[in-house]
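Enquirer: This is a predicted model, with the sequence first.
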Amino acid sequence: MYCMQKTRFIFILFLSSLLFLSCGGVKKNLRKANQQYELGNYFAAGELFKKSYSRLPYKDKELRAQTAFNQGECFQKTNNSRAEQAYLNAIRNKFSDSIVFLRLAQVQQKNGNYKEAEKNYSTYLSAFLKDSIAINGLKGIHFADSVKKNPTR
């Protein structure tokens, strides 16, 4: 009986220490990711943000949204096609800054997804009416669409 209680105690102690160590790992990875981002090492930072995002609890929407946005920023700077999904994750987790719609539209435009990019540019322009980047992005979409419909050859 004593041996069984001791084994149970050791097992519970092991599980609690494992849980404690895994919680600290996410925060540590986020700190490392932010350091890599500040140093300009966007590829490493993006991978660390990706790893952290997958380990964050679903209930912590604010931190998940911020991590997904940072991941999207890293992926966009390294021309990684996963940037679009990262920005969509940030929107799904209700990222508080509307810049996410502009960044998503830019990535979608680069990927050739013009209809979705136009919607996101419009969403961003509803908040910032005179933003020249978004206005020029919309003009670029309309131009690319007209060239696509009327090829020169």
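Expert: Here it is on my side, so go on.
Enquirer: Give the residue spans of the chain that score low on pLDDT.
Expert: Residue ranges of the chain with pLDDT under 70: 1-24.
Enquirer: Give me the residue at the spatial middle of it.
Expert: Geometric centre of the chain, nearest residue: residue 68, 2.4 Å, by Cα atoms, centre = their mean.
Enquirer: Which strands and helices lie in contact with the helix or strand hosting it?
Expert: Taking DSSP states H and E as the criterion, residue 68 maps to helix 61-77. Helices and strands touching helix 61-77, as assessed by 3 or more Cβ pairs under 8 Å, 6 or more residues apart in numbering; DSSP states H and E, comprise helix 2-39, helix 42-55, helix 83-92, helix 99-110. The way it works is simple: take the backbone N, C-alpha and C, and place the C-beta from them, glycine included.
Enquirer: Let me know the angle separating the third one from helix 42-55.
Expert: Here helix 83-92 points in a direction 40 degrees away from that of helix 42-55 (axes from the mean of the first three to the mean of the last three Cα atoms, to 10 degrees).
Enquirer: ok, back up a step: next, the buried residues of the helix holding residue 68.
Expert: If you call a residue buried by 16 or more other Cβ atoms under 10 Å, then helix 61-77 has these buried ones: 63-76.
Enquirer: Can you report how many residues neighbour residue 56?
Expert: Number of residues near residue 56 (other Cβ atoms under 10 Å) recorded here: 19.
Enquirer: how close does the residue nearest to it when sequence neighbours are not counted get to residue 27?
Expert: In space, and not counting its chain neighbours, residue 56 is closest to residue 64: 5.0 Å by Cβ to Cβ, 6 or more residues apart in numbering. Distance from residue 64 to residue 27, counting by Cβ to Cβ, to the nearest Å: 13 Å.
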